Structures are given as structure tokens and as C-alpha cells.
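Peer 1: quick one: sequence and predicted model below, then my questions.
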Amino acid sequence: MPSKSTLATFRRLVVTWFRKHGRDLPWRRTRDPYRVLVSEFMLQQTQVSRVEGFYARFLDQYPDVHTLAAAAPGMVRESWEGLGYYRRAANLHRLARRVVTELDGTIPAEVDRLRALPGVGRYTAGAVATFAFEAAEPAVDTNVARVLTRAFHPRAGKAARDQHRLWDTAKALVPRKGASAWAFNQGLMELGALLCTARQARCADCPVRAVCATGKRTLKAARRRPRSAPASPGSRTPSRDGLASAGSRRTGRPGTPDRS
Ligand code: SF4
């Protein structure tokens, strides 16, 4: 685990950067748990730009959990047409019916209770808790996992033990105060979507480069390289833009494999 002061600096830099550079996305303008849930289901495996239009249309048609619960399954599927991965629509519909019939129409705020709902896994439960209820909960999707791996656990792989470490680090990083927890989790995802992407890590432009293991290493190597000696042909590690990665994650906060 990184030191407390490193975590504190990283946390502060992410929040400050996000407040200045974070994109204005429709699901960031609301704390309505139903709307946040809809956005999280739609963003699984899907690009932000693609979701934006669907999101508004879907909410026009199903403005609340009761409307969605009352709809016929075929109608919901039709409304999802074009977004793909129809299991998400079926799960969201089942979730709405469960919330209406068993929870009096109230989406729970606690991670454990959220995880008991159809289609909600660890990531989605954390995301709804923090993005709708401003809870100090981690939400590690593939963008966040990539940032945390590069910043603090550069040797981490896919093993369950390594993934647990990422979640532990994410938990240690989340600010205790609601609005800051929301901004930090959004900021971490935004970093992974805009600067620390699977294709390339733009360390020279990154706000956390001074406390990121990969950023420090990459920028040190770039400084050592003589000005007249460009990176070797075909190199995927540009001198200014930092590490280029062969990773496979989505960018622009598109969907994630572990988003339930
Ligand atoms: S400094 Fe580089 S590797 Fe580290 S988080 Fe930023 S872009 Fe990613």
C-alpha cells in the first residue's frame, strides 16, 4: 500500500484536475439513483458518445423506476435497440420490478443491498453508492484499474489477489466526505478515459505524474533521452506523451468487463 501522504497527494490532484477538466456528462448532473443506475447499465461495454443520446431517450420513455417496472419486456428491449448487449436491458427491467415490488420503489444506498439486485456486481454497486448517494465507496472499473495499476501496482496482473489490492488501494484513496468522494471517483475514471488510456499514457499532461510510479519512470526516461535521439522507430513509448500501452481497455469511459 502506498504511503498515506502519497495517497493524500494523489487524491487531491485527481479531485482538483477533475473539477477543472472533467466532462459535463448527463449522468454527472444528477444524484437520482434510478438515473445513475440507468447510466451505469448503459455504459457497460459501450462508449460514452454512444450512450449519451440513448440515455436521454430512454429516460424520456421511462422517467422513473415505476414506469420502467410497468413496461412490457418486449417494449424495454425495443427501447434498448441499437445499444446491444440486451441482457443489460433485461436485468435493468428485472431490477426495476424488484425495487417496485419488494423495496417500495426505493433503490437502496448500501453496497450490499445494491449487489443483491439483478445485474449489479461489485463495480456497479460501488458506482451507484458513490455517484447517487455520494458514499465513500470505491468503484473500480477497467479505467480505474488501469490508472491504479500504473500509479501504484505496476506489476499487478489479473490474479484475484492483485485485483483485491487494487480495490484496497481504491478504498484507501476515496475521500470520506460525500461530494469529494463523488468527485474523486469520477476523476479517477476520467483520468483513465482521457489521459491514462489503454492505448497511451499521456504522463507529461497528467496531474498525478509526480506520485505515479509509471509516470515518474516514463518522464525520467524521457528526460535522459538526448534531444537529438528520437525514440527508436516503431517505439510505442513517445518521449513526451509518456507510456504507450498494449492494453485493451475502453476509452472515454466506455463499458467495462467487470461492470457487473
Ligand atoms: S502519470 Fe502516466 S501512467 Fe500515471 S496515471 Fe498519469 S497518465 Fe497514467
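Peer 2: Yes, it's here. Numbers count the residues shown, from 1 in each chain.
Peer 1: need phi/psi at Gln200.
Peer 2: The phi and psi values for Gln200, taken as degrees, to the nearest 10, are phi -160, psi 140.
Peer 1: count of residues packed around it?
Peer 2: By the other Cβ atoms under 10 Å criterion, the neighbourhood of Gln200 contains 18 residues. From N, CA and C alone the C-beta is placed, and that goes for glycine too.
Peer 1: okay, and the beta partners of it?
Peer 2: Gln200 forms beta bridges with Ala244, as assigned by DSSP bridges.
Peer 1: report the contact partners of Pro108.
Peer 2: Neighbouring residues of Pro108 by Cβ atoms under 8 Å, 6 or more residues apart in numbering: 114, 117.
Peer 1: that one should be in a strand, yeah?
Peer 2: No: under DSSP: H, G, I helix; E, B strand; the rest coil, Pro108 sits outside any strand and is assigned coil.
Peer 1: what about it, distance to Leu92?
Peer 2: Going from Pro108 to Leu92 by Cβ to Cβ, to the nearest Å gives 16 Å.
Peer 1: next: Lys4.
Peer 2: Using Cβ to Cβ, Lys4 is found at 39 Å from Leu92.
Peer 1: more crowded one of these two?
Peer 2: Relative neighbour count places Leu92 above the other of Lys4 and Leu92, with 26 against 9, counting by other Cβ under 10 Å.
Peer 1: from Leu68, how far out is the residue nearest to the spatial centre of the chain?
Peer 2: Geometric centre of the chain, nearest residue: Met189, 4.1 Å, by Cα atoms, centre = their mean. The gap separating Met189 from Leu68 is 25 Å, by Cβ to Cβ.
Peer 1: what's the answer for Thr46, then?
Peer 2: 19 Å.
Peer 1: show me which of these two is the more surrounded one.
Peer 2: Between Thr46 and Leu68, Leu68 has the larger neighbour count (other Cβ under 10 Å), namely 26 against 21.
Peer 1: where does the more buried one land in three-state SS?
Peer 2: helix.
Peer 1: residues contacting it?
Peer 2: 34, 62, 76, 92-93, 96.
Peer 1: which of the residues you listed sits closest to Asp162?
Peer 2: Nearest to Asp162 among the contacts of Leu68 is Leu92, at 30.5 Å by Cβ to Cβ.
Peer 1: element containing that closest one?
Peer 2: helix 86-102 (DSSP states H and E).
Peer 1: can you list contacts of that helix?
Peer 2: So helix 86-102 is contacted by 37-38, 41-42, 44, 65-66, 68-69, 71, 73, 76-77, 79-80, 83, 105-107, 117-120 (Cβ under 8 Å, 6+ apart).
Peer 1: in the stretch 1-150 of the chain, which residue sits closest to the ligand?
Peer 2: Relative to the ligand, the nearest point of the stretch 1-150 of the chain is Arg150 (3.8 Å; Cβ to the nearest ligand atom).
Peer 1: I meant to write the chain there.
Peer 2: Taking Cβ to the nearest ligand atom as the measure, the point where the chain comes nearest the ligand is Gly215, at 2.5 Å.
Peer 1: got a list of what that residue touches?
Peer 2: With Cβ under 8 Å, 6+ apart as the criterion, the residues that contact Gly215 are 150-151, 201, 203, 206, 208-209, 242.
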